[in-house]
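A.B. asks: next one to model:
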Amino acid sequence: MTGSRWINLAAPQLFPARLRSFAEDAGFEVRQNSDGIWRICVQEGYRRSQSPLLRSERASAADPSSFLRMTELLDTPIDISPVTQAGHALVRNQQTAAALAAQFQLEFMLTPGKELADGMRVFLNERAPLLKGPASEIHVVLSDSALPRRANFPRILTSLSFQKEGIPLISGELGKLFSAAQGLTQDVSIGALTFVLPALSATAPKVLGVAAARLLACGIWLFGQALSDTSWPGSRLTDGLTPTARFPTSNGPATTPTVDQSGPFLSWWVQRSAEFLSIATDPSYFGDERHFYAPPRHLAFVASLGRLYRDTAEAMRSSDHSIGLRAAYDALDCLEGMGWKAFGIATNPGKVGKVMEGLREKLPPSVADVALPLCERAALALGEVRNGFIPKGRHYSPGGLVDMPGKKGPQSLSWDKAIQLYIRLDRNSAHSFRQIEEDPFERALLFSHDGTIPGDLCYLPFLHLLDMLANCERLEAQMSRRR
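C.D. replies: Numbering: from 1, shown residues only. A predicted model of the protein is given here:
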């Protein structure tokens, strides 16, 4: 952000002093002009400074001082349940990859903040070598304390109009007074873990590393090698231990990036996600037709952002094809709703091919080496949807589907268009197949295909999310035009 972006703020339902305190808590600056109109902007723009909402710190056994960066977690409250304590004792003396990952997760989550730096250093020195692979490292992804407040800012302003009573003049965090729609912003408010899970799944069907969550932070143990998911038993000891998706690649063994590749990739992912968040939480991009800040519109974007990351990760990590595919469709719907890419364009093989060309040109080599193999699998799977169209069908031809029913008479579809429309039909089937009873076109389309959807299509949202992160400046320009 290079300068102040002010936007008018409709007459607030808060006392001026309370509004200023609430806004400053969220990292915003508010002022009332001589004409009586309130205005708001992000403090970074007002103060001409940069404060990333998300950042990563690296710690390795080769650099003991690197662990001191974890001191920001000192004030994180820790609540250890007896069940968790028992689970920790259970895996403490085991040396399988899954047990070591669980040990890391539990120690990162449960170690008191003032002891965490030493605990992680000891872990890397003493237990990580039991993997018997290349040297591993730990990344800590920290979300700024302003992030949850910014994510909740439009929600709270929107909810004010639904309150029976005025805001009580009590001290404490204003957000705790409002539970309305709280779940919509939870994915963004919790922060760090939400934004790294798609990146950790980028080497499916291998396991690149494991994440553990704390308040406003997550720790990531990058193994230094990509481990096969076949060595990971089903375990519910800790959340997030689920390995990446188990769909085999048709092109032989999946790539196995080293820590020298995966570390820079993860750092790039976090840095670009931080830029994305700086746009998504800036009120100036969310104005109405009068050029006043529109909290409901802002809330819709922020809530969709959290769902996009969550559904993308779920699509990549699910071991059930149908569940993964539904999560992928949900993520693609979020992309469309956020105004980035229409569902039809996101599922058109020709359009996706152009996105792939752009990513090959734009991504740094260290990022491309880790992320592009999975994107290529997604693009290939999209094209393979064509293989399900039945050659003996009455509408099949070498160039696409012909003589399809249309409102103005028979029509022809290219293969790209036929694939795009068939995937839309499959996505819409979540609301039942009732439409085929009434629509001759959809009935003809459905019965021209055998219904097989390649498993790797679940990785398509990751391709488009990667494109969005690689082109944050395009998103910013797009948002500015709307403004």
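
A.B. asks: give me the helices and strands touching the host helix or strand of Asn152, please.
C.D. replies: Using DSSP states H and E, Asn152 sits in helix 146-159. Using 3 or more CB pairs under 8 Å, 6 or more residues apart in numbering; DSSP states H and E, the elements in contact with helix 146-159 are helix 16-25, helix 186-190, helix 295-317. (C-beta placed from N, C-alpha, C; glycine too.)

A.B. asks: ok, of those, where does mean pLDDT dip lowest?
C.D. replies: The stretch with the lowest mean pLDDT among the helices and strands packed on helix 146-159 is helix 186-190, which comes in at a mean of 59.

A.B. asks: and the next helix or strand after it, what's its mean pLDDT?
C.D. replies: Once the chain leaves helix 186-190, the next helix or strand it forms, by DSSP H and E, is helix 192-200. Averaged across helix 192-200, pLDDT comes to 85.

A.B. asks: same thing with stretch 396-411?
C.D. replies: Averaged across stretch 396-411, pLDDT comes to 89.

A.B. asks: any idea how far apart the tips of that stretch sit?
C.D. replies: From the first residue to the last, stretch 396-411 extends over 12 Å; the measure is CA to CA, to the nearest Å.

A.B. asks: how far does it sit from the chain's center?
C.D. replies: The chain centroid and the centroid of stretch 396-411 are separated by 38 Å under CA atoms, centre = their mean, to the nearest Å.

A.B. asks: what of stretch 261-278?
C.D. replies: Using CA atoms, centre = their mean, the mean C-alpha position of stretch 261-278 is found 12 Å from that of the whole chain.

A.B. asks: residues in contact with Leu53?
C.D. replies: The contact partners of Leu53, by CB atoms under 8 Å, 6 or more residues apart in numbering, come to Ser143, Asp144, Ala146, Leu147, Arg150, Ala274, Leu277, Ser278, Thr281.

A.B. asks: repeat that with 6 Å
C.D. replies: Asp144, Leu147, Ala274, Leu277 (CB atoms under 6 Å, 6 or more residues apart in numbering).

A.B. asks: ok, and the closest non-adjacent residue to the last one?
C.D. replies: Here the nearest residue to Leu277 in space, its sequence neighbours aside, is Leu53; by CB to CB, 6 or more residues apart in numbering that works out to 4.5 Å.

A.B. asks: distance of Leu390 relative to Thr347?
C.D. replies: Quick fix: residue 390 reads Ile, not Leu. Taking CB to CB, to the nearest Å as the measure, Ile390 falls 20 Å from Thr347.

A.B. asks: of those two, who's got more company?
C.D. replies: More neighbours surround Thr347 than the other of Ile390 and Thr347, with 27 against 12 (other CB atoms under 10 Å).

A.B. asks: quick check: which element contains the closest residue to the more buried one other than its chain neighbours?
C.D. replies: Ranked by CB to CB, 6+ apart and with sequence neighbours excluded, the top spatial neighbour of Thr347 is Ile423, at 4.5 Å. Secondary structure here is read from DSSP H and E; on that basis Ile423 sits in helix 415-428.

A.B. asks: C-terminal to that helix, what's the next element?
C.D. replies: Using DSSP H and E, the helix or strand that directly follows helix 415-428 along the chain is helix 435-438.

A.B. asks: mean confidence (pLDDT) on that next one, please.
C.D. replies: Model confidence over helix 435-438, given as mean pLDDT, is 74.

A.B. asks: now stretch 124-131
C.D. replies: Stretch 124-131 shows a mean pLDDT of 85.

A.B. asks: hang on, the earlier thing: in TSV: the helices and strands packed on helix 146-159, plus mean neighbour count.
C.D. replies: Formatted as TSV, the entries for the helices and strands packed on helix 146-159 read as follows, by neighbours: other CB atoms under 10 Å:
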stretch	mean neighbour count
helix 16-25	16
helix 186-190	21
helix 295-317	23
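
A.B. asks: okay, the ones you listed in TSV with distance to Glu476 next?
C.D. replies: Formatted as TSV, the entries for those read as follows, by distance: least, CB to CB, whole Å:
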stretch	distance to Glu476
helix 16-25	22
helix 186-190	18
helix 295-317	13
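
A.B. asks: what's next to stretch 29-41, contact-wise?
C.D. replies: Counting by CB under 6 Å, 6+ apart, the neighbours of stretch 29-41 from elsewhere in the structure are Ser4, Arg5, Trp6, Asn8, Leu9, Arg20, Ala23, Phe28, Gln43, Tyr46, Pro283.

A.B. asks: which residues does Ala217 bridge with?
C.D. replies: Taking DSSP bridges as the rule, Ala217 bridges to Leu142, Arg214.

A.B. asks: how far away is it from Arg18?
C.D. replies: The spacing between Ala217 and Arg18, counted by CB to CB, is 29 Å.

A.B. asks: isn't Phe292 up against Ala10?
C.D. replies: Yes - with contact taken as CB atoms under 6 Å, Phe292 and Ala10 are classed as touching, separated by 5.2 Å.

A.B. asks: please say which of these two ends up with more neighbours.
C.D. replies: Between Phe292 and Ala10, counting by other CB under 10 Å, Phe292 is the more crowded of the two (17 against 14).

A.B. asks: for Asp288, which non-adjacent residue is closest in space?
C.D. replies: With CB to CB, 6+ apart as the measure, Ala294 is the residue that lies nearest to Asp288, at 4.3 Å, once sequence neighbours are left out.

A.B. asks: count the residues that sit near that neighbour.
C.D. replies: Should you count by other CB under 10 Å, Ala294 turns out to have 20 residues around it.
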